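Novice: Fold the following.
(2 chains)
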2 protein chains.
Amino acid sequence: MLRNQSPEIVVGRLPLYLRMLEFLKKEGKLITSSQELAERLGLSSAQIRKDLSYFGEFGKQGTGYNIEYLQRQLREILHVDRVWEMALIGAGDLGRALAHYQGFVPEGFRLEAIFDNAPKKIGAQVGDLLVLSMSELPRVVREKKIRVAILAVPADAAPAVAATLVELGICAILNYAPITLNVPSGVRVYHLDPVVGLQNMAYYL
Amino acid sequence: MLRNQSPEIVVGRLPLYLRMLEFLKKEGKLITSSQELAERLGLSSAQIRKDLSYFGEFGKQGTGYNIEYLQRQLREILHVDRVWEMALIGAGDLGRALAHYQGFVPEGFRLEAIFDNAPKKIGAQVGDLLVLSMSELPRVVREKKIRVAILAVPADAAPAVAATLVELGICAILNYAPITLNVPSGVRVYHLDPVVGLQNMAYYL
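Specialist: Numbers count the residues shown, from 1 in each chain, chains lettered A, B, ... in the order given. Here you go, the predicted model:
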């Protein structure tokens, strides 16, 4: 089974490992093991060792992983050993909650600007940012060399906004709009829709 | 490849089909095809036909799918031809955004109550709901026969809250807390963490 796993699936698990390492560190741990990670993550230790072996050697048999070191390596592999500036599109309830979220910066991402097209939202203060008009999006993306965007607009507006983002050179879109976005190859979309998750689970209820 | 797909993966795509059908219906369409769905969803039409064939016959060769009919069938398969009451734990920015979200009810889910343990949040009005104390969770879950919960609390609080939810008989948890939750078999967790999505995409940047 492991042999059939695409690296894409393996890459998808690296952020979970990174997140758990941070959690273990906050518990005061310096060293962990594939067994401990496996138990905490509900995976097998063989899978964790196999996943990590795609990217290098991070621990010695019997001594476990140095948490700080493995974090640093995983951050480098995932390209989050730097900070990616992000544009957030949509200053509704969700957009505002995201703008207040403190969890991005420690993980390699920072909201640089927030945009909306509703006149009454433009100019409003949200966290540390002022909501900008969508007409300023091209300038800001260009000036700040932004390549990552968060889409928090209604489903019917999302395809057009996504097309604009792609045109401006955005190549990673975190999509909260409840619609599958079709983008050119080379652009990645990660979908987060609570209803998809709930309906998926409801099947098993 | 299709032969190796677990039904779990197929089930995971059904909500996407359902969501796209609703979108096509809003565009005024009555009939669709596996080709159209495939194009909109970035999948192959063979995959869509194969996925649906796990669950029955929903269209005739050459005439396509009746959108309303296929929606009704998919809702029945996913058990969202009814309304599941939900408890939301956490009345922070994200919890409040979720409480205002209008997208749950049409898809088979309704927020029944929202809970927090911060004294200054308890009693606050959020949308149509008043924030209740966590001490009321057992009573509300029992009285309303709630089986689905949304977790929107910080990572360090999440494992204990999840354990409480499981004890109370909750069997589906939509988890926004940035931590992998370990739950007994029979309980399902669907994780939604923006950082996991962003880090996943950053690998390809």
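
Novice: what's downstream of the lowest-mean-pLDDT helix or strand in chain A, the next helix or strand?
Specialist: Sorting the helices and strands of chain A by mean pLDDT, DSSP states H and E puts strand A:59-60 at the bottom, at a mean of 76. Of the helices and strands lying after strand A:59-60 in sequence (DSSP states H and E), the nearest is strand A:64-66.

Novice: Parallel or antiparallel, list what pairs with that next one.
Specialist: Applying DSSP bridges, strand A:64-66 is found paired with strand A:31-32 (antiparallel), strand A:59-60 (antiparallel).

Novice: and A:Ile122, which of the ones you listed is closest to it?
Specialist: Among those, strand A:31-32 comes nearest to A:Ile122, with 47.2 Å by CB to CB. The C-beta positions use only the backbone N, C-alpha and C, and glycine is treated the same way.

Novice: quick one: average pLDDT of that closest one?
Specialist: For strand A:31-32, mean pLDDT is 96.

Novice: So what touches that strand?
Specialist: For strand A:31-32, the external contacting residues (CB atoms under 8 Å, 6 or more residues apart in numbering or on different chains) are A:Leu21, A:Leu24, A:Thr63, A:Gly64, A:Tyr65, A:Asn66, A:Ile67, A:Leu70.

Novice: one more time with 7 Å, if that's ok
Specialist: With CB atoms under 7 Å, 6 or more residues apart in numbering or on different chains as the test, strand A:31-32 has contacts from A:Leu21, A:Leu24, A:Gly64, A:Tyr65, A:Asn66, A:Ile67.

Novice: Which element, helix or strand, includes the first one?
Specialist: In other words, A:Leu21. helix A:7-26.

Novice: Kindly format the C-alpha coordinates of that helix as CSV.
Specialist: The C-alpha trace of helix A:7-26 is given here as CSV (Å, rounded to 0.1, in the frame of the first residue of the first chain):
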residue,chain,number,x,y,z
PRO,A,7,4.3,11.9,-2.9
GLU,A,8,1.3,14.3,-3.0
ILE,A,9,-0.3,12.4,-0.2
VAL,A,10,2.9,12.3,1.7
VAL,A,11,3.4,16.0,1.3
GLY,A,12,-0.1,16.5,2.6
ARG,A,13,0.9,14.8,5.9
LEU,A,14,4.0,16.9,6.5
PRO,A,15,2.1,19.9,7.9
LEU,A,16,0.4,17.5,10.4
TYR,A,17,3.8,16.3,11.6
LEU,A,18,5.0,19.9,11.9
ARG,A,19,1.9,20.9,13.8
MET,A,20,2.3,17.9,16.2
LEU,A,21,6.0,18.6,16.8
GLU,A,22,5.1,22.1,17.8
PHE,A,23,2.5,20.8,20.2
LEU,A,24,4.9,18.3,21.7
LYS,A,25,7.5,21.1,22.1
LYS,A,26,4.9,23.2,24.0
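
Novice: From the contact counts, what lies against that helix?
Specialist: helix A:34-41, helix A:67-77, helix B:194-202 (3 or more CB pairs under 7 Å, 6 or more residues apart in numbering or on different chains; DSSP states H and E).

Novice: Deepest in the core, which of those is it.
Specialist: Comparing these by mean neighbour count (mean count of other CB atoms under 10 Å in any protein chain shown), helix B:194-202 comes out on top with a mean of 23.

Novice: what residues does that helix touch?
Specialist: So helix B:194-202 is contacted by A:11-12, A:15-16, A:18-19, A:78-80, A:84, A:103-104, A:107-109, A:148, A:172, A:174, A:188, A:190, A:192, B:178 (CB under 7 Å, 6+ apart).

Novice: and what of stretch A:70-89?
Specialist: By CB under 7 Å, 6+ apart, stretch A:70-89 touches A:14-15, A:17-18, A:21-22, A:55-56, A:58, A:95, A:98-99, A:107-115, A:137, A:140-141, A:144, A:146-153, A:161, B:199, B:202-203, B:205.

Novice: Stretch A:149-169 now?
Specialist: In this structure, residues lying in contact with stretch A:149-169 by CB under 7 Å, 6+ apart are A:86-90, A:92, A:94-95, A:98, A:137-138, A:141, A:147, A:170, A:173-179, A:181, A:183-184, A:187, B:23.

Novice: swap in stretch A:34-50?
Specialist: So stretch A:34-50 is contacted by A:Leu2, A:Leu16, A:Tyr17, A:Met20, B:Thr180, B:Asn182 (CB under 7 Å, 6+ apart).

Novice: which residues of chain A score low on pLDDT?
Specialist: Within chain A, the stretches with pLDDT under 70 are A:1-6.

Novice: Determine which residue lies closest to the centroid of it.
Specialist: Among the residues of chain A, the one closest to the centroid is A:Leu174, at 6.9 Å (CA atoms, centre = their mean).

Novice: mind listing what it touches?
Specialist: Here A:Leu174 is in contact with A:Ile150, A:Leu151, A:Tyr190, A:Leu192, B:Pro194, B:Gly197, B:Leu198 (criterion: CB under 7 Å, 6+ apart).

Novice: Make a markdown table from those residues and add distance to B:Leu132 to it.
Specialist: Shown next, in a markdown table, are the contacts of A:Leu174 (distance: CB to CB, whole Å):
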| residue | distance to B:Leu132 |
| --- | --- |
| A:Ile150 | 31 |
| A:Leu151 | 33 |
| A:Tyr190 | 33 |
| A:Leu192 | 27 |
| B:Pro194 | 27 |
| B:Gly197 | 31 |
| B:Leu198 | 33 |
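
Novice: How is chain A divided into domains?
Specialist: For chain A, the structural domains run A:2-77, A:84-197, going by automatic domain parsing.

Novice: among the ones you listed, which is the most enclosed?
Specialist: Compared across the domains of chain A, domain A:84-197 shows the largest average neighbour count, a mean of 18 (mean count of other CB under 10 Å).

Novice: for chain A, what's the longest strand?
Specialist: For chain A, the longest strand by residue count, based on DSSP state E, is strand A:109-116.

Novice: Name the helix or strand for the residue nearest to A:Asp93 when sequence neighbours are not counted, please.
Specialist: Once flanking residues are discounted, A:Asp93 sits nearest to B:Ala97: 3.9 Å by CB to CB, 6 or more residues apart in numbering or on different chains. B:Ala97 is part of helix B:93-100, with elements assigned from DSSP H and E.

Novice: Mind listing residues that contact that helix?
Specialist: Here helix B:93-100 makes contact (CB under 7 Å, 6+ apart) with A:93-94, A:96-97, A:100, B:88, B:111, B:114, B:126-127, B:129, B:150, B:152, B:176.
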